[in-house]
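Visitor: The following block contains a protein sequence and its predicted model.
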Amino acid sequence: MQLSALILDFDGLILDSETPLFEIWSEIYASHGQALTIDLWQHALGTQGGFDPYADLSTRIAEAVDRDELAVRVREQHWARCGEAPLLPGVEERLREARELGLGTAVASSSPSAWIDPWLERHNLLGLIDAVCTRDHVQRVKPAPDLFLLAAARLSVPPSECIVFEDSPNGLRAAHAAGMHAVAVPNVLTRDLPLPVPCLVLESLASCSLAEIMRRLGERRNVEN
């Protein structure tokens, strides 16, 4: 099996930015006497527009919330809380292994560049990544395949030779739609969500080397064929 590139999601895969955002919104809901469940929030993971907490909360309390005021509060708290978060285990190691193996590397995220780029720079990852694709660069975000297909095009490799690392069901659906090899790395929020199949599931990017991941993908492909 020919493999030429790694494509990584960002939120929840490189940085655990999803848990703080869910916690912030859970606190907002609680302040209005409401509860936000992961069953609802899962539709917001790995995509944009899948769930509108402003509209949902307004409906629940039968009163329009101040979207602009809340957006500022959420944004400021999200940046602050993520600023205290380290890279998720194994991210840098797997990217460095990809470099050693001569594989292309990319980040493909449904978030905007204004969110992604500063974090990659802050954590000194830009030198390990050949292409960064965000929602600013495509018409459709995940679960559509556009972001992953753009990353493959920018790396000049066929989609079938790409490994995608994703934490969310929406991201994995996008990887499958792009015809790429999907590796699920669920986090605290996505661990109990049903994942699309087929995909290789890892407890963490630190759980095994890139060479081992590639070997296991090859074995799966042989069994499937």
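Guide: Arrived safely, thanks for sending.

Visitor: ok, longest helix in this structure?
Guide: Ranked by residue count under DSSP state H, the longest helix found in the chain is helix 67-83.

Visitor: Where does the prediction get shaky in the protein?
Guide: 223-225 (pLDDT under 70).

Visitor: could you show me where the helices are in it, in order?
Guide: Listed in chain order, the helices of the chain (DSSP H) span 18-31, 38-41, 53-61, 67-83, 91-100, 113-122, 146-155, 169-177, 210-224.

Visitor: returning to that earlier point: now do the buried residues in the longest helix of the chain.
Guide: By neighbour count on 16 or more other C-beta atoms under 10 Å, the buried set for helix 67-83 is 70, 74, 77-78, 81-82. For glycine as for every other residue, the C-beta is placed from the backbone atoms N, C-alpha and C.

Visitor: Now for Thr19: which residues touch it?
Guide: For Thr19, the residues meeting the contact criterion (C-beta atoms under 8 Å, 6 or more residues apart in numbering) are 12, 187-189.

Visitor: Outline the domain layout of the chain.
Guide: 5-16+87-224, 18-83 (automatic domain parsing).

Visitor: Count the neighbours of Pro196 for me.
Guide: Residues lying near Pro196 (other C-beta atoms under 10 Å) number 18.

Visitor: my guess is it meets Ala177, correct?
Guide: No: under the criterion of C-beta atoms under 8 Å, Pro196 is not in contact with Ala177, lying 9.8 Å apart.

Visitor: ok, and the most crowded of the contacts of Thr19?
Guide: The most neighbours, when the contacts of Thr19 are compared by other C-beta under 10 Å, belong to Gly12, which has 25 neighbours.
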